[in-house]
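Participant: no sequence for this one, just the structure:
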C-alpha cells in the first residue's frame, strides 16, 4: 500500500499523541496509589484512608512542608483542615482536554515544517517543487511551474530563477471571451486544413480551471549550486479545497510508475477502463477514497499510451519484420518512402507464401480492400488457388493511395520477391491505376477483370432496368454465366420460351 507524505506526517502526529496519553495515564495511576508518607492518628483516620482508596479519591493539595509523625496528644489544627479531592471522572476529563491541546500543538508544529519561508535552501529545483507541492496539499490548492529565467552571462544559459505559483493565478477570463477564442481557433483550423467544421459536434465534458488572478507563489534562485527561496506570497484570493477534494487537484494526482505499467499491460489486452480502475483501487487498499485519481485520469493515461504506440508504429513494424527475417531467412519485406521520409507503401511475404507461389502462381488475384483497418489505408493481398480449390496467400501490401505509381512499385517488388517469375494471368477489379500499372510491369500476361466486380457494377448501374423489365435480370445473369459454355439445344430454348409465355399469361 502506498502512503503519501501528508499521511505519514499525520501518522507520526497520532503516534506522538498516543505516547503522551500513555504517559498521562501512568501519572494518574501513580496518583491514585500514592505511597504513605504519614501515619494516621486514629482508627477513624485509617478507615477514611481505606474509603478514599476504594472510591479512587486522591489528595491534590498538600503542604510543602514534610509531614512528620503526629504527637500522641492528637492532630494539629492544620491537619484537621479538609483536603480538596479529585475523582476518577475529573482525571478522565483532564486527560481528554490535555490530549486535545497536545494534538493541536503537535499538528501545528508538524505543519509549520511544511510552510515555506525566506532563505530556505534546496539541493535541486525538483526538491523545491516537491516541498511547495506538499505544502499546497496540506492547505488545499494546486501549483504549477510558472516562469523561469535563464542567465545570459553563462555560455550554457543555465536556469537561475524559477517560480512556482497557484494554478488559479493568471488573468480572469469571462465566458464571452472563451467563446470568442473557441471560434477563432476553429477558424484557424478550417483555414489550415481546408475542411469546414462539422455541423453537429459532440460536446466534450471539460473541467476548466477558473483563473482568479491569485498571487500566491514561491520564487527560488540558484546561488552557489543551491536553490534559495528569494520570494514568497502565501495569500490566496479564492477558497481552498476541502479535505476530501485535495487529492483530485491537478498537481496531486500522483500515479506511480508501477501503476502506469499495470495500465500499459491491461491496455494491451483490451481491458475496460472501469476494470482497470477496480484493480488499481484494490492495490491501494480497496477504498476509492484512498485513490488519488479518478476514472477519467486513467482513461487519459490510456489515451497517451495509444498515441505513443501510434507515433512509434513504423518502428514496431520494422522491429517485427527484422525479427521474422532472423527466424525465417526467406522472409522478404520492403518500404517505399515519400516526402519527409514518410512510409507510403509496405510489402512483405514469408517463405511459405513464396513456396506456394512457385507451385500455384499461374493465376493470381489482386484486390485492394479499401480502408478497412484503423489507419484507413488500402490493404492489397496477392491470392491464388491450390489444386484442392483452397485459397492461398502469396504476398501482402499496404499502400497509401490507389494510383498507378504506387501499384507499379508494388508489382515490381512482387516480381523481385518471386525471383522474376510473373504470373500467367492476373485478375483485378476495374481500377484505372491497376489498368495502367499492369501492362508496364507485366507486359506478357493476361489481364482479366473480376467477375464479381462486373456483376456488382452492373446491378448498381442497371438496377432500375432490372426491376422494370421482367426476366431481364435472369437473362443477363444467364448470358454472363453461360457465355463460356456450349450453346443450348433448340428443344431447351423452345421449352424455356413456353415457360416464360405461360408465366406472362
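Facilitator: Sure, I can see it. Small disclaimer: the values here were computed from a predicted structure and weren't measured.
Participant: Can you show me the helices along the stretch 401-505 of the chain?
Facilitator: Taking DSSP state H, counting those that start in this stretch as the criterion, the stretch 401-505 of the chain carries its helices at 404-417, 432-441, 451-461, 463-468, 472-481, 490-504.
Participant: How about the stretch 251-400 of the chain?
Facilitator: Using DSSP H, counting those that start in this stretch, helices in the stretch 251-400 of the chain cover 257-268, 273-283, 295-311, 313-327, 351-360.
Participant: Quick check on residue 138: phi, psi?
Facilitator: For residue 138, the backbone dihedrals (degrees, to the nearest 10) come out as phi -70, psi -40.
Participant: so how many other residues sit close to it?
Facilitator: Look at residue 138: counted by other CB atoms under 10 Å, it has 16 neighbours. Where you see a C-beta, it was placed from the backbone N, CA and C, and this is true even at glycine.
Participant: right, and the helices of the stretch 251-400 of the chain - which one's nearest residue 208?
Facilitator: helix 295-311 (13.8 Å; CB to CB).
Participant: where does this structure have low pLDDT?
Facilitator: 1-11, 13, 20-21, 24-112, 154-155, 197-207, 310-311, 370-375, 483-497, 499-505 (pLDDT under 70).
Participant: picking that back up, ok, and which of the helices of the stretch 401-505 of the chain has the densest surroundings?
Facilitator: helix 404-417 (a mean of 19; mean count of other CB atoms under 10 Å).
Participant: contact partners of it?
Facilitator: Contacting residues not belonging to helix 404-417 are listed as 332, 334, 336, 344-345, 347, 349, 354, 380, 382, 395, 397, 399-400, 421-422, 432-434, 436-438, 440-442 [CB atoms under 8 Å, 6 or more residues apart in numbering].
Participant: Likewise for stretch 230-243?
Facilitator: For stretch 230-243, contacts defined as CB under 8 Å, 6+ apart pick out 115-118, 139-141, 161, 163, 166, 168, 212-221, 249.
Participant: Could you pick out which of these are located in strands?
Facilitator: 161, 163, 166, 217-221 (DSSP state E).
Participant: What is the nearest of these to residue 479?
Facilitator: Distances from residue 479 to these, taken as CB to CB, are shortest for residue 166 (81.1 Å).
Participant: if I look at that closest one, how far off is residue 380?
Facilitator: Separation of residue 166 from residue 380 (CB to CB, to the nearest Å): 57 Å.
Participant: Those two: which is more packed in?
Facilitator: Taking neighbours as other CB under 10 Å, residue 166 and residue 380 compare with residue 166 leading, 27 against 23.
Participant: Tell me what that one is bridged to.
Facilitator: Residues in a beta bridge with residue 166, per DSSP bridges, are residue 143.
Participant: tell me the contacts of the closest residue to residue 360 other than its chain neighbours?
Facilitator: Setting aside the residues directly before and after it, residue 360 is nearest to residue 384 in space (CB to CB, 6 or more residues apart in numbering), at 4.8 Å. Residues near residue 384 by CB under 8 Å, 6+ apart: 356-357, 360-361, 363-365, 391-392, 394.
Participant: tell me the phi and psi of residue 18?
Facilitator: The phi/psi pair for residue 18 (degrees, to the nearest 10) is phi -60, psi -40.
Participant: before we move on, back to that, can I get the ones in strands among the contacts of stretch 230-243 in CSV with distance to residue 240?
Facilitator: As requested, the ones in strands among the contacts of stretch 230-243 are exported to CSV (distance: CB to CB, whole Å):
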residue, distance to residue 240
161, 27
163, 20
166, 10
217, 15
218, 16
219, 21
220, 23
221, 27
